[in-house]
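1. Provided below for reference: sequence and predicted model.
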Amino acid sequence: MAGDGVGAITVPGRQQVLVSPGFLAGPGDLASGDAAFADFLIEHRSWARYACDGGDTSVAISDCLTGRIQLDYEPGVSHTRWTVAGYDSPVGELAWHARFDLGTPHEIPLAVASAYSHALSYGSQAVRDEALWGRRSTRVELVDQMRECGWQDVSTLDGMAFRAPDATAGLIRWDGGAFYDEPDGQDHMAEVTLWVRHPEEFPHTAWTAQLSKAMPTRLIAVALDHLTDPQPAIRRRAEIPTAHRPAFRVIQRPGVTNTGPDLRGHG
């Protein structure tokens, strides 16, 4: 995925550019992430946003009180910038969560949140469940998605693992080697880690996402889709991580200086 990098040098810092693949575009600055969050709420009006922790955290709650999106401006030792979570009921326990670290492009957690919001909008619980879980096991759904895009099976006794042919992205499903031992066997719930890295910085990762047990299949697939079928992301030149610039193509968008964020997969 190496690009020419020439456009990145000549484009002014405030000029918007397309970065491909988008998963290496960086998170954007906090203002861009905050603006993208605001755009999400304009489109998904069933969510209400609140400031918490003295303004260090911004939280949106769904109108059914079972969905939560959290943007941490000062995440501290957790290194978690975005969290998307679901609860069993308005007063129930946390059912699942997805945590995205500081380097994650904001488009990815907001795409997961968008898919979750659409599922919650269905009045029928049966239709809602199908929108979240689909009709196939999580293992089958994810494996098919990765194999269709040419990802390599590098599973171990720790878990099911696949990675992109150029090793810039991958998935680990911590199933205790169940897939490695018996690929066609029974599926069980397991935590999932998505990771992305610059090819020249092995083994250090650019960002990771931790997806808990019981996270709905379709929402995992939405996040994974940004790695298996990456699209360009819009960034200002100054927002692109310096270390990653040689790894992707930067395409100038002539005549565009607006700094508004792109929400790929949004809606």
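-> Yep, that arrived.

2. mind listing the strands for the stretch 51-200 of the chain?
-> Per DSSP state E, counting those that start in this stretch, the stretch 51-200 of the chain has strands spanning 57-62, 67-72, 80-87, 94-101, 152-153, 160-163, 169-174, 191-196. These are given in chain order.

3. Figure out which of these is closest to Leu132.
-> strand 80-87 (8.4 Å; Cβ to Cβ). In short, each C-beta sits where N, CA and C put it, glycine included.

4. what are the pairing partners of the closest one, and which direction each?
-> Using DSSP bridges, strand 80-87 pairs in its sheet with strand 67-72 (antiparallel), strand 94-101 (antiparallel).

5. In a markdown table, list those along with distance to Thr83.
-> Formatted as a markdown table, the entries for the strands paired with strand 80-87 read as follows, by distance: least, Cβ to Cβ, whole Å:
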| stretch | distance to Thr83 |
| --- | --- |
| strand 67-72 | 4 |
| strand 94-101 | 5 |
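
6. before we move on, back to that, of the strands of the stretch 51-200 of the chain, which approaches Gly22 most closely?
-> Using Cβ to Cβ as the measure, strand 191-196 is the one of the strands of the stretch 51-200 of the chain that comes nearest Gly22, at 10.3 Å.

7. List the neighbouring strands of the helix or strand following that closest one plus their orientation.
-> Note on strand 191-196: by DSSP states H and E, the next helix or strand toward the C-terminus is strand 207-211. Based on DSSP bridges, the strands next to strand 207-211 in the sheet, each with its direction, are strand 94-101 (antiparallel), strand 191-196 (antiparallel).

8. can you list contacts of the shortest one?
-> Identification of contacts with strand 191-196 by Cβ atoms under 8 Å, 6 or more residues apart in numbering yields 23-24, 103, 142, 168-174, 205-213, 215, 220, 223-224, 227.

9. before we move on, what about the longest one?
-> In this structure, residues lying in contact with strand 94-101 by Cβ under 8 Å, 6+ apart are 78-88, 108-109, 112, 207-216, 219, 223.

10. Go again with 7 Å.
-> Outside strand 94-101, the residues within contact range by Cβ atoms under 7 Å, 6 or more residues apart in numbering are 79-88, 108-109, 112, 207-212, 214-215, 223.
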